[in-house]
Every structure is written in structure tokens, then in C-alpha cells.
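1. Predicted model and sequence follow; I will ask about them next.
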Amino acid sequence: MKIGILQTGPFAEEVQAVTGDYDVMFKSLLSGQGFTFEVWRVFEDEMPTSIEDCEGWLITGSKFGVYEDHPWIAVMEDFIRDCIEAARPIVGICFGHQLIAQALGGKVEKFEGGWSVGRKLYDFGGIDLPLNAWHQDQVVEAPEGARTLASHDFCKHAALLYGNRALTIQAHPEFGPEMVEGLALTRAEIVNDPAQISEALLALDEPLANEIIGDQIADFFRSNRPS
């Protein structure tokens, strides 16, 4: 199965030599699942010719906001709606989670409570799963028909499921400790919350549920769908 990675921004350039860019992270997260990959840097106006170019699609995180006025964002929203209509499976992570919600009628905004960074426990239907987060924007109103799969005190709609069409997650299952450490050391002034940065650094060695979520994403891509 071929998965198209729609990269919506670069990861922190200062630490890419250690972490790799988003495409590298997702290829690692989904390694061993039998997938092949092709990458489009959509933030640089690289777009697939058709939703049929791949059997499934994954939208990455980004430094941009989904509400910002970049022409490629509107193009991506059309692409998302086409995937949903055609039952071409699509997964969104962080920015991707927010963009899919916005494209389908949800609302995204900068959360007035500030940033969420580092390891957080998310309630997936009564099961607490730890994942790394790095965001201020979040989905504050889910689209009609979307089901909230996970939540956190800080983030009501931490994961959303749109039938068998789309699966989206606010946190970063592709982030290991090196990604959070790199961001904490290079982006702390943006977060402007020393206590939260310190907490994130102290939790770097704590276990994460990345493999569990990676398996769930792979299972979602492989689910049977009408042709």
C-alpha cells in the first residue's frame, strides 16, 4: 500500500540533523507495516495530481496555522474533501488534525490557555496513552459527524474519527524524546512558559505510546472500504 505524505511545513531546521524532517519521522513510525511512501512538500506548492496517486494520505504537522492566508491551504482543503467523498483514507497529525477539521466545517483557533508541550496523558476511551505534544492551536469545535476518540483536560478534541474516511490526532506520535528536546532548546521563547519547558525536559525518558498509535494508524489505512 502506497501512502502519500503531505508535508505542510519543515520541522525545526536547527535540529533536523538529529531528528530528520517530518517525512523521515513518519516513515519511521510506520516502518515494518508494508507501506511504501511518496512525499509532497505542499507548503512549497508541490501537490499530487490526483487523490488516486496514493492509496492513503497523511498530513503532517507544521509551523503554520490552518487559518493563515496561504494559497496552498485552500488547495489542501479541497483535496481533503475529495478524499472524504471518495473514501480515500486520510490521516492528520497536529496541523493535519486541525486542517481536516477546518476543511469539514470545524473550528480551529489559538487556545486561550496557552501551549501544550511535551509528554501528556490522553484519555482514549478510558485508556490513558502518553504522547508528545507541541501546539497552541487546537480544534475547539469538531465537525458534524466526527467522533472524539481522545481528550485531555487541555484539549477536548485530541483525536477525531470520521467514520472510515479520516483519522486525526492532535499530539505527535512521530515525536520521540529527541524531537521534544530539540524544540524545547530552540523554541522555548515562543512557548514563554519556563515551567512547562522544564516539565517537558524532565519527562524525556518516560515511556510513550507511539508504537500503539502507529499500529492504529496502519490498521486504519488497511481497513476495508467500498471501491
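-> Ah, there it is.
2. ok, and what's touching stretch 62-74?
-> 8-10, 42-43, 45, 47, 94-95, 98-99, 102, 108-110, 137 (Cβ atoms under 8 Å, 6 or more residues apart in numbering). Every residue, glycine included, has its C-beta placed from N, CA and C.
3. The same query, at a cut-off of 10 Å, please.
-> By Cβ atoms under 10 Å, 6 or more residues apart in numbering, the surrounding residues in contact with stretch 62-74 are 6-12, 22, 41-47, 76-77, 79, 93-103, 106-110, 136-137, 139, 187, 190.
4. can you tell me which of these are in helices?
-> 22, 76-77, 79, 95-103, 190 (DSSP state H).
5. Need the max-distance pair from those.
-> Spanning the widest gap among the ones in helices among the contacts of stretch 62-74 are F79 and I190, at 28.9 Å by Cβ to Cβ.
6. which element is the nearest residue to Q33 once chain neighbours are set aside on?
-> In this structure, Q33 finds its nearest non-sequential neighbour in A218, 4.2 Å apart by Cβ to Cβ, 6 or more residues apart in numbering. A218 belongs to helix 210-222 when assigned by DSSP states H and E.
7. and if you look at V117?
-> Using DSSP H and E, V117 falls in strand 116-124.
8. Who are the packing partners of that strand?
-> In terms of contacts (3 or more Cβ pairs under 10 Å, 6 or more residues apart in numbering; DSSP states H and E), strand 116-124 is packed against strand 127-135, strand 147-152, strand 155-162, helix 177-186, helix 188-191, helix 194-202, helix 210-222.
9. Quick check: mean pLDDT of the last one?
-> The reference is to helix 210-222. The average of the pLDDT scores along helix 210-222 is 97.
10. Show residues contacting the helix or strand bottoming out on mean pLDDT in the chain.
-> Lowest by mean pLDDT, DSSP states H and E among the helices and strands of the chain is helix 188-191, with a mean of 91. Residues outside helix 188-191 that contact it (Cβ under 10 Å, 6+ apart) are 63, 114-118, 134, 136, 183-184, 194, 196-198, 200-201.
11. Tell me the one among the residues you listed nearest to F154.
-> Closest to F154, out of all of those and judged by Cβ to Cβ, is S116, at 5.0 Å.
12. The closest one and Q170 touch, don't they?
-> Yes - the pair S116 / Q170 is scored as a contact, 8.4 Å apart, by Cβ atoms under 10 Å.
13. What subset of the contacts of stretch 62-74 is buried?
-> When the contacts of stretch 62-74 are checked for burial by 16 or more other Cβ atoms under 10 Å, the buried set is 6-9, 11-12, 22, 41-43, 76-77, 79, 93-103, 106, 108, 136-137, 139, 187.
14. Now for the most centrally placed residue in the chain: which residues touch it?
-> The centroid of the chain falls nearest to I93 when counting by Cα atoms, centre = their mean (0.9 Å). Listed by Cβ under 10 Å, 6+ apart, the contact partners of I93 are 8, 22, 25-26, 29, 58-62, 167-175, 213, 217.
15. Show me what it is bridged to.
-> Counting by DSSP bridges, I93 forms beta bridges with I169.
16. and K27, what is it in contact with?
-> By Cβ under 10 Å, 6+ apart, the neighbours of K27 are I3, I5, G20, F35, T36, F37, V39, E174.
17. backbone phi and psi for it, please?
-> phi -60, psi -40 (degrees, to the nearest 10).
18. Pull the contacting residues for N210.
-> 25, 28-29, 129-132, 171-176.
19. any idea how far it lies from R41?
-> From N210 across to R41, the span is 24 Å (Cβ to Cβ, to the nearest Å).
20. Thank you kindly, that will do.
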